[in-house]
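A.B. asks: Let's see this in three dimensions:
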Amino acid sequence: MSLQFPSRSVAKSSLKLFALLAASYLALTPAQAANWSDTSIGLRYASEQSEPGVSDKVSKSVMNMTHVSGDNLGTNFFTIDLLKSNSVDPSHQGPSGAQEWYGFYKRSFSLSAMTGNKGGYGIAKDLSLIARFDAGTKNTTFAPAPRKVRLGMSAAMPVTAGFWDIGLEVMKESNHNGIVGKDVSFSSAPVLTTAWSVGMGPGAFTGFLDIIGPKGKDGFGDKTKTETLARALYMMDLAGPKAGLKAGVGVEYWNNKFGCNNAASFVKNSCKATTPVLVLEYHM
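C.D. replies: Predicted structure coming up:
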């Protein structure tokens, strides 16, 4: 795995991204002291990802920082990735691989905490209101600059060790298409989402699944399709649970990436991929 420092243009875009995510954090976070928190830095490697319009599979090295915390009203979740492609997915400046930043901040508000109801809600042990903001940038000719707002509700399932959340949200996205030179405002789309981390043997089975419905037409005037993104990992402590060092292996599946119609793509299977994933994390 190899990573390069971001170029000046990517660095400027990254500052804007950090500013947007920081603004969303300040806007959505109430003045509550954290009851618990976990911050991690990590590396992730995926050998066979796809990119719309790219004929070969793309390997990506990813640096990640994630922070999660809980207070008396709910939880905060913030994560940001720096992704570095191999030369199959080139930057707009030449043959070297593209660099990309992508992150999001999600705030949940627990109904149990706000109402005092400790008896659960049917099969769910808690329900939460969800507000999420995503932002990203990439230094390719396409020059995407996604901005997404997701609002909805999630249900916490009664697992004995760890967590399993299932949510239903509405997403509104804007982006940029550098090929045709215009910004794109997509239609609102439904999102079915789930995330989990459940103890299993000496480690934990973790992951997420997002199913995003069609969001209207893209910058080329083509109708978008239902997008599916899933990542499932088995994570283990490398030096005991108190050391904070974890490693994992798993698989990532992405179909109709970014809403691209894989069945009608002019480059075969460039909007669909199943790839093995390796992960190394240090938790503080």
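A.B. asks: what ranges of this structure fall below the confidence cut-off?
C.D. replies: Low-confidence segments of the chain (pLDDT under 70): 1-32.
A.B. asks: longest strand of it?
C.D. replies: Longest strand of the chain, by residue count under DSSP state E: strand 162-177.
A.B. asks: in that strand, what counts as buried?
C.D. replies: The neighbour-count check on strand 162-177 (16 or more other Cβ atoms under 10 Å) flags 165, 166, 167, 169, 171, 173, 175, 176, 177 as buried. Backbone N, C-alpha and C define where each C-beta goes, glycine included.
A.B. asks: Tell me what the fifth one is bridged to.
C.D. replies: In this structure, residue 171 has the following beta-bridge partners (DSSP bridges): residue 150, residue 189.
A.B. asks: Isn't it up against residue 133?
C.D. replies: No. With contact defined as Cβ atoms under 8 Å, residue 171 does not reach residue 133; the gap is 10.8 Å.
A.B. asks: list residues touching both of the two?
C.D. replies: Common neighbours of residue 171 and residue 133, counting by Cβ atoms under 8 Å, 6 or more residues apart in numbering, are 148, 149, 150.
A.B. asks: Rebuild those residues as JSON lines, extending it with neighbour count.
C.D. replies: Converted to JSON lines, these look like this (neighbours: other Cβ atoms under 10 Å):
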{"residue": "148", "neighbour count": "20"}
{"residue": "149", "neighbour count": "16"}
{"residue": "150", "neighbour count": "22"}
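A.B. asks: Mind putting those residues into JSON lines with distance to residue 80?
C.D. replies: What follows is those, written out as JSON lines (distance: Cβ to Cβ, whole Å):
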{"residue": "148", "distance to residue 80": "14"}
{"residue": "149", "distance to residue 80": "17"}
{"residue": "150", "distance to residue 80": "16"}
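A.B. asks: quick one: which of the residues you listed is nearest residue 255?
C.D. replies: Lowest distance from residue 255 to the shared contacts of residue 171 and residue 133 (Cβ to Cβ) belongs to residue 148, with 18.6 Å.
A.B. asks: what sits up against the helix or strand harbouring that closest one?
C.D. replies: Using DSSP states H and E, residue 148 sits within strand 147-156. Contacting residues not belonging to strand 147-156 are listed as 20, 104, 106, 108, 121, 124-135, 163-175, 191, 193 [Cβ under 8 Å, 6+ apart].
A.B. asks: contact partners of the helix or strand just after the longest strand of the chain?
C.D. replies: Sequence-wise, the next helix or strand downstream of strand 162-177 (DSSP H and E) is strand 182-185. The contact list for strand 182-185, computed with Cβ under 8 Å, 6+ apart, reads 173, 174, 175, 176, 177, 218, 219.
A.B. asks: go again using 7 Å as the cut-off
C.D. replies: For strand 182-185, contacts defined as Cβ atoms under 7 Å, 6 or more residues apart in numbering pick out 174, 175, 176, 177, 218, 219.
A.B. asks: tell me which of those residues is nearest to residue 274?
C.D. replies: For the contacts of strand 182-185, the closest approach to residue 274 (Cβ to Cβ) belongs to residue 218, at 23.3 Å.
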